[in-house]
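1. pasting the sequence and the predicted model now:
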Amino acid sequence: MKNYIVHDEWNIIEEGFRPAYNEVSESLFSIGNGRMGQRANFEEDYSGKTLSGSYLAGIYYPDKTRVGWWKNGYPEYFAKVINAVNWIGLHVKINDELLDLANCDVRSFQRRLDMKNGLLIRSFDAKLQNGTEVRIESTRIFHLFQSETASLKYTIQVLNQQASLQVVSYMEGDVVNRDSNYDEHFWSFISSGSLNSQLHVTMKTKKTNFIVRADLVNKFTINDVAIESELSKERSCISETVAVSVGINDVFSIEKRVSIVSSQNHAAAELMSLGKANLENISSLSYQEIRNKQALAWGNFWNESDIQITGDVAAQQAIRFNIFQLYQTYTGEDSRLNIGPKGFTGEKYGGVTYWDTEAYCVPFYLATQPADVARNLLLYRYQHLDKAIENATKLGFSNGAALYPMVTMNGEECHNEWEITFEEIHRNGAIAFAIYNYQRYTGDWSYIENYGLEVLIAISRFWAQRVNWSAEKEKYVILGVTGPNEYENNVNNNWYTNTIAGWCLKYTLESILTLKDSNHTKLVCLFEKVGFNNEESVEWQHIIDHLYYPIDTELDIFLQQDGYLDKEQVLVSDLPEKERPINQKWSWDRILRSCFIKQADVLQGLYFFEDQYDLETIRRNYDFYEPRTVHESSLSPCVHAILASKLGNEAKAYEFYLRTARLDLDDYNNDTEDGLHITSMAGSWMSIVEGFAGMRVKDNTLSFKTFIPKTWESYAFHVQFRGVKLFVKIKQDDFELINKSNQEISVIFNGEEGTVKPCA
């Protein structure tokens, strides 16, 4: 765990240069706008530890997998959102010495992420080996108001003498990924050049054939007076160079403004004109005007999505950081995009989609953004339904059964670990649950009617074929699976998997009956489209009535899976600290034979389906499983925080909140250098809103059951529910509910139902 980030309500601040932590900071200070994003790499050269990363949403490459591809059923590739054009690059020479912080005496250094206004700001004073002292300031903006553009401003002052200055501003298209298998290059060069002071590079991805065009304008000045530059081009790298003499009081500045467009979003023939138009648009603005428009765009977001905490700066900073990074990653404007576990902050996990989106991110977007945003996340899966059916067919399933991929970019499975790819089938259930969650929260039945029920039927067909009848148990069982706890592989009858399978079948049948009553004609058309018959309904009901759920009658708990109690029952508190995290200290064999749990498994089911169980059942299972959970998944603490809140264990709930909220800021798992845990960041929002504030939907009514951590003076948040915007503030001895819309709403607050009228 690291503790070098300065606590501040609206800023992430690094004071002092820490080369050993540079890749961690590059992740933490990442910046984006939903369409593209970038790690906080230095603009100037740096020969120290760094991971260069600039990413475009949806632009990917099917990298050849290193394992398993020769076995039947294995995906041949792992899709990756790949490192794209480097437009920020500068080579800076001062008195003929290259500026490189790895070779300088760094006198002062600050890196700051301004979350309120969406700015990445860096400044430092350094002494070069030739004795020249310099001061550098840079500001980088990924425009939220025009998401295919970005800009930066970089200033240089020489502090102790007159100096010769040479600055090369370049744009490089042929970039590489550190994690490329077989050292494969992902890009092919198409063209580069310059027209009317506008530089451009056009590249194409190999195999997937995405065309990406980047257009760049440089503006060089000394004391605000423009300087002429010299153009040079070397295939995929195009640059402009200035060489000038500067005095002690002079301020050298370069502004870079870029447009990046792709054939994913536009016709290839239009990319040139679009790039030109984008640059003309942002070039007509002064840098201050750009900053003002950025502040306004982020201000509009914060007005709807902020969580305000008083009395705990560390907690306040953490929740805003998580919300900021979520929105930087996904703004909801495009149903072809989704939320990668690392977003635009690193190469690990390839920027692809997991079940994290449905289980953890959908609640955040449901409550803080217009319903269309969460609906687009569901449409992403609907648009991949044919691929999900194809994935299941490859594994021997039939009749339109769908298995959604564990990992995907375009709907095809591209994960290559058997115990995850083909056994962690509970992800099908999370996708169905997101449909239910969306309808429950928004009241929008039309989505199920037009899209969702088709998905539910395909998922249910998978479950109906995946179970088998056990003559010994006289029950249906589900064999050879991996539950959410990935420290158990190839187990039988994982309770959570069986539970969500049975629930899916039941929910699908209920939805069929609802559509039958509301629009029988549409149901008939759907049945014809998917070839559904009533015999399937009878079969599904028989499975629902006879599905096996492992329990232990002596402890009166749900068993994580058959045989779980055969393991040596050791608590996490008995683990020596030097042996944690076990996924970095133990062999995989030892982990699999242990009772330790990576993340919420049984408790994940109790979180989803809490209304089906009384409080004491939830408490018994929580008290048994939490002490055996090592929380080595970023997705684990938030579920435990929500359940601990429900059970009245306020101290534990707060402990889990801090762990999920500051997971990356304090680098709990020693892996932030790979990139941030974007999807689990939604869990910090859930920990407060669903945990501390106890927000639920009960019988179409928004309900709260609140507590406030003892160290906080208050916390407040915004939620949208069925067209009504509410501001909720919880104090130590009071609360406040403000209706920001023009219609009344009924709310249950700490057990009492009342009407909240619109504010005047």
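-> Perfect, thanks for sending it.

2. give me the three-state assignment for Tyr61.
-> Of the three states, Tyr61 takes strand under DSSP: H, G, I helix; E, B strand; the rest coil.

3. so it touches Asn209, yeah?
-> No: Tyr61 lies out of contact with Asn209 (Cβ atoms under 8 Å); the separation is 10.4 Å. (C-beta placed from N, C-alpha, C; glycine too.)

4. ok, those two, which is more surrounded?
-> A count of neighbours by other Cβ atoms under 10 Å puts Tyr61 above the other of Tyr61 and Asn209, at 25 against 10.

5. where exactly do the helices run in the stretch 451-600 of the chain?
-> All helices of the stretch 451-600 of the chain, identified by DSSP state H, counting those that start in this stretch, fall at 453-466, 495-518, 520-530, 534-546, 582-585, 588-593.

6. now the longest one: average pLDDT?
-> Meaning helix 495-518. The predicted model assigns helix 495-518 a mean pLDDT of 98.

7. that helix versus helix 534-546: what angle between them?
-> Helix 495-518 runs at 140 degrees relative to helix 534-546, counting by axes from the mean of the first three to the mean of the last three Cα atoms, to 10 degrees.

8. now do helix 495-518 against helix 520-530, angle only.
-> Orientation of helix 495-518 against helix 520-530 (the same axes, to 10 degrees) gives an angle of 130 degrees.

9. tell me the contacts of Tyr327?
-> Each residue near Tyr327 by Cβ atoms under 8 Å, 6 or more residues apart in numbering is listed here: 34, 301, 305.

10. what is the burial count for the first one?
-> Here the neighbour count serves as a burial measure; for Gly34 (other Cβ under 10 Å) it reads 20.

11. in this structure it contacts Gln328, no?
-> Yes: the pair Gly34 / Gln328 is scored as a contact, 6.8 Å apart, by Cβ under 8 Å.

12. contact partners for Ser164?
-> So, once contact is read as Cβ under 8 Å, 6+ apart, Ser164 ends up touching 93-96, 243-245.

13. select only the buried ones of those residues in PyMOL?
-> The PyMOL command for the buried members of the contacts of Ser164 (criterion: 16 or more other Cβ atoms under 10 Å) is given here:
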select buried, resi 93+94+95
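
14. quick one: contacts of the lowest-mean-pLDDT helix or strand in the chain?
-> Ranked by mean pLDDT, DSSP states H and E, the helix or strand of the chain with the weakest confidence is helix 418-421, at a mean of 80. For helix 418-421, the surrounding residues in contact (Cβ under 8 Å, 6+ apart) are 68, 71, 74-75, 406-407, 413, 415, 482, 486, 489-490.

15. cutoff 10 Å now
-> For helix 418-421, the external contacting residues (Cβ atoms under 10 Å, 6 or more residues apart in numbering) are 67-68, 71, 73-75, 391, 395, 403, 405-407, 413-415, 427, 480-482, 486, 488-491, 592.

16. buried set for it?
-> Neighbour counts using 16+ other Cβ under 10 Å place 418-419, 421 of helix 418-421 among the buried residues.

17. export the contacts of Tyr327 to a markdown table and tack on secondary structure, distance to Ala295 and pLDDT?
-> Shown next, in a markdown table, are those (DSSP: H, G, I helix; E, B strand; the rest coil; distance: Cβ to Cβ, whole Å; pLDDT from 0 to 100):
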| residue | secondary structure | distance to Ala295 | pLDDT |
| --- | --- | --- | --- |
| Gly34 | coil | 17 | 95 |
| Phe301 | helix | 11 | 96 |
| Ser305 | helix | 16 | 96 |
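
18. make TSV out of the residues you listed and add distance to Tyr382.
-> Output for the contacts of Tyr327, formatted as TSV (distance: Cβ to Cβ, whole Å):
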residue	distance to Tyr382
Gly34	21
Phe301	26
Ser305	26
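
19. three-state assignment of the residue nearest to Gly754 when sequence neighbours are not counted?
-> Leaving aside its chain neighbours, Gly754 sits nearest to Val747 (6.4 Å; criterion: Cβ to Cβ, 6 or more residues apart in numbering). Following three-state DSSP, we place Val747 in the strand state.

20. which ones are touching Val747?
-> 695, 701-704, 721, 724, 726, 728, 737, 739, 753-756.

21. same check on Phe78?
-> Shown in contact with Phe78 (Cβ under 10 Å, 6+ apart): 60-67, 69, 179, 181, 349-350, 352, 407, 409, 414-416.

22. drop anything exposed from these.
-> Buried members of the contacts of Phe78, counted by 16+ other Cβ under 10 Å: 60-63, 65, 179, 349-350, 352, 407, 409, 414-416.

23. on the three-state scheme, the nearest residue to Asn519 once chain neighbours are set aside is what?
-> Closest residue to Asn519 apart from its sequence neighbours, by Cβ to Cβ, 6+ apart: Glu449 at 6.4 Å. Counting by three-state DSSP, the backbone at Glu449 sits in helix.

24. from what I can see Glu449 touches Lys516, true?
-> No: taking contacts as Cβ atoms under 10 Å, Glu449 lies outside contact range of Lys516: 11.3 Å.

25. higher neighbour count, these two?
-> The residue with more neighbours, out of Glu449 and Lys516, is Glu449; 19 against 12, by other Cβ under 10 Å.

26. show the contacting residues for that one.
-> Here Glu449 is in contact with 439, 511, 514-515, 518-519, 522-523, 526 (Cβ under 10 Å, 6+ apart).

27. the closest residue to Tyr607 other than its chain neighbours - how many residues pack around it?
-> Leaving out its chain neighbours, the residue that sits closest to Tyr607 by Cβ to Cβ, 6+ apart is Val639, at 5.0 Å. Residues near Val639, counting by other Cβ under 10 Å, number 29.

28. phi, psi of Val639?
-> phi -60, psi -40 (degrees, to the nearest 10).

29. residue contacts, it?
-> Taking Cβ under 10 Å, 6+ apart as the definition, contacts of Val639 comprise 359-360, 484, 599-601, 603-604, 606-608, 629, 631, 656, 660, 683, 686-687, 690-691.

30. quick one on the thing from earlier: could I get the buried ones among the contacts of Phe78 as JSON lines with distance to Tyr549 and pLDDT?
-> Putting the buried ones among the contacts of Phe78 into JSON lines (distance: Cβ to Cβ, whole Å; pLDDT from 0 to 100) gives the following:
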{"residue": "Tyr60", "distance to Tyr549": "39", "pLDDT": "92"}
{"residue": "Tyr61", "distance to Tyr549": "43", "pLDDT": "91"}
{"residue": "Pro62", "distance to Tyr549": "39", "pLDDT": "89"}
{"residue": "Asp63", "distance to Tyr549": "40", "pLDDT": "85"}
{"residue": "Thr65", "distance to Tyr549": "36", "pLDDT": "74"}
{"residue": "Asp179", "distance to Tyr549": "40", "pLDDT": "80"}
{"residue": "Tyr349", "distance to Tyr549": "32", "pLDDT": "75"}
{"residue": "Gly350", "distance to Tyr549": "35", "pLDDT": "70"}
{"residue": "Val352", "distance to Tyr549": "32", "pLDDT": "82"}
{"residue": "Val407", "distance to Tyr549": "28", "pLDDT": "90"}
{"residue": "Met409", "distance to Tyr549": "35", "pLDDT": "90"}
{"residue": "Cys414", "distance to Tyr549": "32", "pLDDT": "87"}
{"residue": "His415", "distance to Tyr549": "28", "pLDDT": "83"}
{"residue": "Asn416", "distance to Tyr549": "31", "pLDDT": "77"}
